[in-house]
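1. one predicted model, sequence on top.
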Amino acid sequence: MASDQTQLIHGLNAMAAGLVLLTAFGMVATRQVQGVMRFFIVQSAFLAASAFLVGFSRGSIHLVALGAITIGAKVIAIPWVLKRTLPGDLYERREIDQVINIPSSLLLVLLLAIAAEFLVGTLVSSTTDPVVHVNLPIGLAGILIGAYSLIARREAIPQLVGILAMENGAFFAGLSIAPDLPLIAELAIAIDVILIAVVIGVLTRDITRTIGTTEAATMSELKEEPQIWR
Amino acid sequence: MALMIAVALPLLAALLCWIKPFRAFVWGITVVCLAGSFAAAVVIAAHVLAHGQIIGIPDWFEADGLSALVILLVSFVCTIAAIYAGGYMHHGSHQPARLWWFYCNYNLLVFALIVVPAFASPNLVWVGVELVTLFSILLVGFENTPNALEAAWKMAILTIMGAPISFLGFLALYWAYHLGGGGTMETWQSLYASAAAMPSNQLKFAFLLVFIGFGAKSGLAPMHTWLPDAHSQAPTPVCAVLSGIKTSIPLYAILRLLSIVLASPEARIGNWMVVIGLVSVAIAAFLLLQVRDYKRMFAYSTVEHMGIILTAAGFATHASAYSAVAQMMNHSITKSLCFYTAGLVLMALETRQINQVRGLFRISPFAGGALLLCSLAIAGAPPFPIFLSEFSILSAGLKSGHVAAVIILAILIVIAFVAIFLQVNSMLFGEPSQAAKPAVAPRSSRTAIIIAAAPIVVLGVYIPGPIHSLMTLAAQQLGGH
């Protein structure tokens, strides 16, 4: 009986993992700022679901707390904070510029996900825990995809969401390999993530006020000009 | 107790700067609290010298030799930068109404800087380093000019991108610690104790991720591109703290982790550190030749010194660990002096371009003398401490058998020396190009420069016994055989 239940939980966890990866693809494929944000919220919810499932199967109160913290911070607090600090037109229906167009981006992101699987190959082979086998490669893929969207997008809010998606990936991988971190560390980390969102939100607001745009591509005043020594 | 005081005082100062009735005295509050924090750091160092370590809250706040030295450096540099800020921030175009915000933020940054070496648990060190990054981003963008905001944005993207990567690294470290049969509380010391039992694959994975994330924050090439922008656009006292000590803080965490990885017999990564360090030194040395802005020049010199420290740590002997610690200390105190001087030049001439500054000695003998002193010291000329530590790095490298690396490092150091000298030479001598009226630097800024210059002059010829023993203790924590 017990093994049936564990099997079910592992199956559900694998499904949550697949959906986390799918929402990461979704973030790359969306053209609108609000859409990216929605995918991020959904991804955070699946991350919390995975934390609850693994926490339940291992009887770990830490992971349940982590899931609750994730919902509190990423599904509720961060979207609310961003909505408050940022002027509305930044947040709503804006089209985003990309350096690389969306179909090619999706192909690259797919390659990144495959690369992540290979990168952790030697690490997961040392354990038989199925949760590690699922969560570690997909979490790493989440980090890489977030980093990709950070580089490819030239707009402040999608870049911030890219960073937060990287955090999601790190948490997703982490809940399988470090299930019993001290609670204080987890709380501190959650507060840190919110602070990151606040700081970048404030910075974005200042940039819009002073420079008038949040397209990072237009900011290229500071650089080293090559010169021949006098 | 002293440890808790050293951590709490900057936090108290930040709180006081935020409360409205105190906003008229923000500078005084900051200087007094940080000086108190420095006094506490001296007590910590004395206690560590006598007992080997100091414990604030067991398993949470602890300091050994390395931590005590870093806390001492942080509080020293930050106190002097606060004194310097008194004159600098009232000079020029800063809005007085926002000064409290500057000091509040500055104190929070100092708090985060002190708390990182005081934390015993690696996971909390990650939190501390992220706090350092966030507060410094806000300070870089403080002036709210388009250039400052651009610098802050670049810094935010590149350094915060490292946060999730290094976070997964610390979780993987925890994983390795548990697979190696570690206990419930993960501290630097328990990690070091069980290093040999940890699986080397997990350990290397953890180190790689932390190195990518924190290397970007400490300005190691190729993730250094944000550093010259941020360190040239921030208000000068902040530049001094950022370049002098903030870059060393993530490096401190990297060095701690490196000592754990080096203690594991299968993970051989010392030589990789040497290579990556040399790449940073090389990139910085050649950029120093073509830089046009003197604040950027000192910023590139920071990249160079971070590379040198990493190279020294990669040699992985006890002698090289000692010289890496010495280099870290000497770089902190010298580089902050460089930025104080650069701020003086900026206040007098209102330009950051090297080719618009001519005949500084005639315009302002004090600024000229200080610039000559600090650039000699930072480039590593003989009677100054950086010369000593660079020399001992080279000799430690020779003894550990890294002959090729030592030769390359020596050549690159000479190139950087020549580059800094050509640049500074053109600023110091010659006819003043404009009819500049000799601007008098604020008294607090001149005082700060004189205090900051004192240890540089002294440490080059004489290292006091306690400081030597503290550095030896710190080098022991960094391991090496």
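-> Alright, I've got the coordinates.

2. other SSEs contacting the helix or strand containing B:Val132?
-> Using DSSP states H and E, B:Val132 sits within helix B:122-140. Helices and strands in packing contact with helix B:122-140 are listed as helix A:183-210, helix B:99-118, helix B:146-160, helix B:162-179, helix B:200-217, helix B:226-233, helix B:236-241, helix B:248-263; criterion 3 or more CB pairs under 8 Å, 6 or more residues apart in numbering or on different chains; DSSP states H and E. Any C-beta I mention is one placed from the backbone N, CA and C, and that applies to glycine too.

3. got the angle for that helix vs helix B:200-217?
-> Orientation note: helix B:122-140 sits at an angle of 20 degrees relative to helix B:200-217 (axes from the mean of the first three to the mean of the last three CA atoms, to 10 degrees).

4. which of the helices and strands in chain A ranks last by mean pLDDT?
-> Of all helical and strand segments in chain A, the minimum by mean pLDDT, DSSP states H and E falls on helix A:88-91, at a mean of 63.

5. next SSE after that one?
-> helix A:102-119.

6. can you tell if that next one touches chain B?
-> No - contact between helix A:102-119 and chain B is absent, the nearest approach being 8.6 Å (criterion: CB under 8 Å from any CB of the partner chain).

7. report the inter-axis angle for that helix versus helix B:200-217.
-> Using the same axes, to 10 degrees: helix A:102-119 against helix B:200-217 is 140 degrees.

8. buried residues in the helix or strand following helix A:102-119, which are they?
-> Counting by DSSP H and E, the next helix or strand C-terminal to helix A:102-119 is helix A:121-124. For helix A:121-124, a neighbour-count test (16 or more other CB atoms under 10 Å in any protein chain shown) marks A:Leu123, A:Val124 as buried.

9. what residues does helix A:121-124 touch?
-> A:Val132, A:His133, A:Leu136, A:Pro137, B:Ala172, B:Asn201, B:Gln202, B:Phe205 (CB atoms under 8 Å, 6 or more residues apart in numbering or on different chains).

10. out of those residues, which one sits closest to B:Trp60?
-> B:Ala172 (22.0 Å; CB to CB).

11. B:Lys204 is in contact with that closest one, correct?
-> No - B:Ala172 lies out of contact with B:Lys204 (CB atoms under 8 Å); the separation is 9.5 Å.

12. more neighbours, the two?
-> The residue with more neighbours, out of B:Ala172 and B:Lys204, is B:Ala172; 27 against 20, by other CB atoms under 10 Å in any protein chain shown.

13. if we can go back for a sec, so for B:Ala8, which of the helices and strands packed on helix B:122-140 sits nearest?
-> helix B:99-118 (8.4 Å).

14. would the closest one count as contacting chain A?
-> No - applying CB under 8 Å from any CB, one finds helix B:99-118 separated from chain A by no less than 10.7 Å.

15. may I see the buried residues of that helix?
-> The neighbour-count check on helix B:99-118 (16+ other CB under 10 Å) flags B:99-118 as buried.

16. worst mean pLDDT among the helices and strands packed on helix B:122-140?
-> Ranked on mean pLDDT, the bottom entry among these is helix A:183-210, at a mean of 80.

17. compute the inter-axis angle for that one and helix B:146-160.
-> 150 degrees.

18. mind listing what's buried in helix A:183-210?
-> Result for helix A:183-210 [16+ other CB under 10 Å]: buried residues A:185-186, A:188-190, A:192-193, A:195-201, A:203-208.

19. give me the distance between A:Val124 and chain B.
-> 10 Å (CB to the nearest CB, to the nearest Å).

20. nope, A:Leu22 is what I meant
-> 19 Å.

21. element containing that residue, please.
-> helix A:2-29.

22. next: A:Ser50.
-> Using DSSP H and E, A:Ser50 falls in helix A:33-58.

23. is that helix anywhere near chain B?
-> No - between helix A:33-58 and chain B, judged by CB under 8 Å from any CB, nothing touches; the nearest distance is 12.6 Å.

24. orientation of the helix or strand following that helix relative to helix A:183-210 in degrees?
-> On the C-terminal side of helix A:33-58, the closest following helix or strand by DSSP H and E is helix A:61-70. When the same axes, to 10 degrees is applied, the directions of helix A:61-70 and helix A:183-210 differ by 20 degrees.

25. what sits up against helix A:61-70?
-> Here helix A:61-70 has contacts from A:44, A:47-52, A:54-56, A:171, A:175, A:179-181, A:183, A:186-187, A:190, using CB under 8 Å, 6+ apart.

26. in it, which residues are buried?
-> Those would be A:His62, A:Leu63, A:Val64, A:Ala65, A:Leu66, A:Gly67, A:Ile69, A:Thr70, for helix A:61-70 by 16+ other CB under 10 Å.

27. now it: mean pLDDT?
-> 86.

28. same check, this time on stretch B:75-83
-> 94.

29. still on that earlier bit, quick check, nearest of the buried residues of helix A:61-70 to B:Phe22?
-> Set against B:Phe22, the nearest of these by CB to CB is A:Ile69 (34.5 Å).

30. nearest residue to B:Ala14 in space, please, no chain neighbours.
-> B:Asn107 (3.7 Å; CB to CB, 6 or more residues apart in numbering or on different chains).

31. doesn't B:Glu62 lie inside a helix?
-> No - counting by DSSP: H, G, I helix; E, B strand; the rest coil, B:Glu62 falls outside a helix, being strand.

32. quick one: contacts for it?
-> B:Leu3, B:Gln53, B:Ile54, B:Ile55, B:Gly56, B:Ala118, B:Ala120, B:Thr187, B:Gln189.

33. what about those residues, which are in helices?
-> The helices, defined by DSSP state H, take in B:Leu3, B:Ala118, B:Gln189 from the contacts of B:Glu62.

34. wait, isn't the first one in contact with B:Pro58?
-> So the one you mean is B:Leu3. No - counting by CB under 8 Å, B:Leu3 does not reach B:Pro58; the two are 11.6 Å apart.

35. just to revisit the earlier point, mean confidence for the helix holding B:Val132?
-> Helix B:122-140 comes out at a mean pLDDT of 92.

36. for it, which positions count as buried?
-> Those would be B:122-140, for helix B:122-140 by 16+ other CB under 10 Å.

37. contacts for stretch B:193-203?
-> Outside of stretch B:193-203, the residues within contact range by CB under 8 Å, 6+ apart are A:122-123, A:126, B:172-173, B:175-177, B:179-182, B:260-261, B:263-267.

38. now that stretch, how far from the centre of its chain.
-> Mean-position distance between stretch B:193-203 and its chain equals 29 Å (CA atoms, centre = their mean, to the nearest Å).

39. right, and B:Pro228 touches B:Tyr300 too?
-> Yes - contact between B:Pro228 and B:Tyr300 holds when scored by CB under 8 Å: they sit 5.9 Å apart.

40. quickly list what's touching both of the two.
-> Joint contacts of B:Pro228 and B:Tyr300 (CB under 8 Å, 6+ apart) are B:Leu287, B:Val291.

41. let me see the ranges of the helices in the stretch 251-400 of chain B.
-> Listed from the start of the chain, the stretch 251-400 of chain B has helices (DSSP state H, counting those that start in this stretch) covering B:270-290, B:294-315, B:318-349, B:360-363, B:365-379, B:385-399.
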